[in-house]
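J.: Sequence below, structure please.
(one chain, ligands or ions: 1)
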Amino acid sequence: MEKTFFIKDALKESIKPVELQGWVWQIRKQKKMIFIVLRDSSGIIQCVVKDDKPFFKDADGLTQESSVVLQGTVKKDERAPTGYEMSVSDMKIIHLAERWPITKDTGTVVLQNLRHLHLRSPKFTAVMKIKSTILQAAQEYFISQGFYQVTAPVFVTSAGESGSEQFEIKNYFGKKIYLTQTSQLHIEALSFGLEKVFSLLPSFRAEKSKTRRHLTEFTHLEPEVAWCDDEGIMRYAEEMIAHVVKRVLERHRDDLKLLGRDISALEKIKAPFPRITYADALQRMAQKGFAMKWGDDFGAEEERILTQDFGVPFFVTNYPKEVKAFYMKINGKDPRTVKNFDLLAPEGYGEIIGGSEREVDLKSIVERLKEKGEKPEHYEWYLDLRRFGSVPHSGFGLGVERIVMWICGLKHIRNATPFPRRHNRVYP
Ligand code: NSS
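T.: This is a model prediction of the structure:
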């Protein structure tokens, strides 16, 4: 048994008697008529039960989120929410739901405790459909470019980014290990065999910051390419983003409208994207009256201000080496900086991608690790990559929930993922 006919199929001309399986999204009871707004994954439709039906009393007992099978005929009706109405000729209750605990007045914290139920709302459904397309389009892009999809471990023995934000596993059979912050180091190893690889896996950060754009567990899409410099990998980044936005616009105009997203802002997104250096960005900040000195990093607020100059995503390149990770290649043209880039999404959203060309010089990596307070002996296997046929290579990481947030126009990253993990939230 499997459902093959959906509400969206019923919202068409040339209507025949149909059977719809779904959930009671809204119900309005009158003396002689009951209006049920039925929902399924494809949409909603208003259904009317009249009092001459033998099941009228049962319909009168229906509760929000009860699951039902309705039979009847569908016809156009301007007054109905989606322009069509079903006149119900038969009804089967599959499950009579208990009193639905969510109302218009339910507060944010309770809604988060009830996320496993709140997820069914049309808005969440729209976000998750768009997220599905984003994941699919990004993978489709890399595969079309000859990449291999690879896997990497979640349990690791050293920091991939910064030691202060690692989650420790205290007792891995008596050893202390960590949850991975990035798959980068492991996929660098894979890129020396497969040359063009990408992974799509969770990353973990013990972020104490209570910002709107940080999760402790996020979905990380990371490509890594051998024989490729920073310019080469930035081209992959912009083309991938442009492809993802194109696919979302092809498939999700209705979902974007439901979310209140300004679609014209997304229609402007075409590769290539503008590039500015960190030094340019400091100047722009100064012109706007925000004094920053060399070596200051951009936080969410500074990034928001920078995005005012651009209606499209843009790269900020060549940050000072002190604020960036040990593995980034020193920029030969200005050794105070590295060959890195962040990609900032417009409309205040800020960083969605961080990437770089990788340092290939063994001595330089060892030095940088020491400067960052890490022990090079914890990185022996990674250092081997610089001992055996090292070649120029580059990669980046896209925060999937960050791009979902931007494309859907969400105010908070917790709504870009069904079960958010944050400093104060691991349930449900
Ligand atoms: O720290 S990153 O900037 N870079 C890396 O992890 C590299 N090792 C990736 C690589 O080159 N393979 O993180 C990459 C992106 C960043 O731009 C954000 O979009 C996202 O990952 N990110 C996060 N999203 C949500 N929550 C948190 N805490 C978070 N941290 C990073």
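J.: three-state assignment of residue 343?
T.: Secondary structure for residue 343, judged by DSSP: H, G, I helix; E, B strand; the rest coil, is strand.
J.: what's across from it in the sheet?
T.: With DSSP bridges applied, residue 343 shows beta-bridge pairing to residue 315, residue 353.
J.: For it, grab the count of nearby residues.
T.: 25 (other CB atoms under 10 Å). (Glycine included, C-beta is placed from N, CA and C.)
J.: Isn't it up against residue 273?
T.: Yes: contact criterion CB atoms under 8 Å: residue 343 and residue 273 qualify, at 7.2 Å.
J.: what is in contact with those two at once?
T.: Jointly contacting residue 343 and residue 273 under the rule CB atoms under 8 Å, 6 or more residues apart in numbering are 238, 241, 313, 314, 315.
J.: end-to-end on stretch 37-49?
T.: Terminal residues of stretch 37-49 lie 11 Å apart, using CA to CA, to the nearest Å.
J.: Can you list the buried residues in that stretch?
T.: Using 16 or more other CB atoms under 10 Å as the test for burial, stretch 37-49 gives 37, 38, 39, 40, 42, 43, 44, 45, 46, 47, 48, 49.
J.: same question, stretch 300-317
T.: 302, 303, 305, 306, 307, 312, 313, 314, 315, 316, 317.
J.: Now do the same for residue 297: helix, strand or coil?
T.: Following three-state DSSP, residue 297 is assigned to coil.
J.: Identify the residues contacting it.
T.: Residues near residue 297 by CB under 8 Å, 6+ apart: 319, 323.
J.: what's the spacing between it and the ligand?
T.: Distance, residue 297 to the ligand, using CB to the nearest ligand atom, to the nearest Å: 11 Å.
J.: Backbone dihedrals for that residue, please?
T.: Backbone torsions of residue 297, given as degrees, to the nearest 10, read phi -90, psi 160.
J.: Of the shared contacts of residue 343 and residue 273, just say which sits nearest to residue 174.
T.: Residue 174 has its nearest neighbour among the shared contacts of residue 343 and residue 273 in residue 241, at 44.2 Å by CB to CB.
J.: okay but the closest one is in contact with residue 406, surely?
T.: No: in this structure, residue 241 is not within contact of residue 406 by CB under 8 Å, at 9.8 Å.
J.: Between these two, which contacts overlap?
T.: By CB under 8 Å, 6+ apart, the residues touching both residue 241 and residue 406 are residue 352.
J.: what residues does the chain put near the ligand?
T.: Counting by CB under 6 Å from any ligand atom, the chain comes close to the ligand at 160-161, 182, 184, 205, 207, 214-215, 218, 220, 222, 351-355, 395-397, 399, 401-402.
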